[in-house]
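Student: can't give you the sequence, but here's the structure:
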């Protein structure tokens, strides 16, 4: 049973759950045979059809995903990153759904990371804030940024430039 806070609306259509709140909206379809999701306005209940043997692992997983969706719509998710460089100043900018990293370890070609879903990236000096209503989208965007600044063919003890997660 997932409680719905004030200001958040949950719409359930079969196995499709849509959540809207002050920090944004997210939508997800759970393709599990025998799964029943019901909403009464104040809470969302996850159960199984009669005769279906899903088990508590699947039911609790779906319930946790819905809890994360409700929390994201109400409060949002946020990750903070810090830019670290030794010799070549890194410049960052957002272009559409791409996060562009320029002058990384002196490279002429800029590196790009994909921004997933409704995630927003704010750059302020050396601090980068990745925020959004979906926990999965925020985490995947941070992972895309970390993968984009991975240093290959150089000594990692000497070249420690990059964007690092701080909170």
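Tutor: Good, I have the coordinates. Being a predicted model, the structure only gives us computed values, none of them experimental.
Student: Adjacent strands (with direction) for the longest strand belonging to the chain?
Tutor: For the chain, the strand with the greatest residue count under DSSP state E is strand 77-84. The strands beside strand 77-84 in its sheet (DSSP bridges) come out as strand 127-132 (antiparallel), strand 162-165 (antiparallel).
Student: May I see the buried residues of the shortest one?
Tutor: For strand 162-165, the buried set under the neighbour-count rule, 16 or more other C-beta atoms under 10 Å, comprises 162-163. C-betas here are computed from N, CA, C, even on glycine.
Student: Packing partners of whichever strand or helix holds residue 68?
Tutor: For residue 68, the host element (DSSP states H and E) is helix 56-74. Here helix 56-74 touches strand 2-3, strand 16-21, strand 24-29, strand 35-39, strand 43-48, helix 135-148, going by 3 or more C-beta pairs under 8 Å, 6 or more residues apart in numbering; DSSP states H and E.
Student: in this protein, which ranges drop under the pLDDT threshold?
Tutor: Applying pLDDT under 70 to the chain flags residues 167.
Student: domains of it?
Tutor: As assigned by automatic domain parsing, the chain contains the domains 2-74, 77-165.
Student: contacting residues for residue 53?
Tutor: residue 34 (C-beta atoms under 8 Å, 6 or more residues apart in numbering).
Student: Dump the helices and strands packed on helix 56-74 into CSV; add distance to residue 101 and mean neighbour count as well.
Tutor: Output for the helices and strands packed on helix 56-74, formatted as CSV (distance: least, C-beta to C-beta, whole Å; neighbours: other C-beta atoms under 10 Å):
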stretch, distance to residue 101, mean neighbour count
strand 2-3, 38, 16
strand 16-21, 32, 20
strand 24-29, 25, 17
strand 35-39, 40, 17
strand 43-48, 40, 18
helix 135-148, 6, 18
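Student: Thanks again, I'm all set now.
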